[in-house]
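J.: Curious how this folds, go ahead:
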Amino acid sequence: MPGSTKVADADIYFLPDQLTVNRLADEFVAKHGDLLDYFNNKLENSVPDYMDVWVTTTYLTHHDKYLIELSFEQDI
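T.: Below is the predicted model:
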């Protein structure tokens, strides 16, 4: 995402050139399941019946871009 994008709490979730990793709360996953399913289905190897979703974020100062990566995990 371009660095000019308005992002809430960027100073917390998008630390400059430092990865931040957070597990999304079960309540968030349940409430936003359709949106998360949309992104999961975009993956080459989507994760069926995922239980946990992790989000990794940073602000890439050299590129003036925000990075967001979602990881979907199954319960084994």
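
J.: quick one: average confidence on the lengthiest helix in the chain?
T.: The single longest helix within the chain, with elements called by DSSP state H, is helix 33-41. Averaged over helix 33-41, pLDDT sits at 95.

J.: Convert the C-alpha atoms of that helix to CSV, please.
T.: The C-alpha trace of helix 33-41 is given here as CSV (Å, rounded to 0.1, in the frame of the first residue of the first chain):
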residue,chain,number,x,y,z
GLY,A,33,-15.0,-14.2,8.2
ASP,A,34,-16.2,-13.3,4.7
LEU,A,35,-13.4,-10.8,4.1
LEU,A,36,-10.8,-13.2,5.5
ASP,A,37,-12.2,-16.0,3.3
TYR,A,38,-11.9,-13.7,0.3
PHE,A,39,-8.1,-13.3,1.0
ASN,A,40,-7.6,-16.9,1.9
ASN,A,41,-9.2,-18.0,-1.4
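
J.: who's in contact with that helix?
T.: Identification of contacts with helix 33-41 by Cβ atoms under 8 Å, 6 or more residues apart in numbering yields 29, 46-47, 50, 53, 70, 72. For glycine as for every other residue, the C-beta is placed from the backbone atoms N, C-alpha and C.
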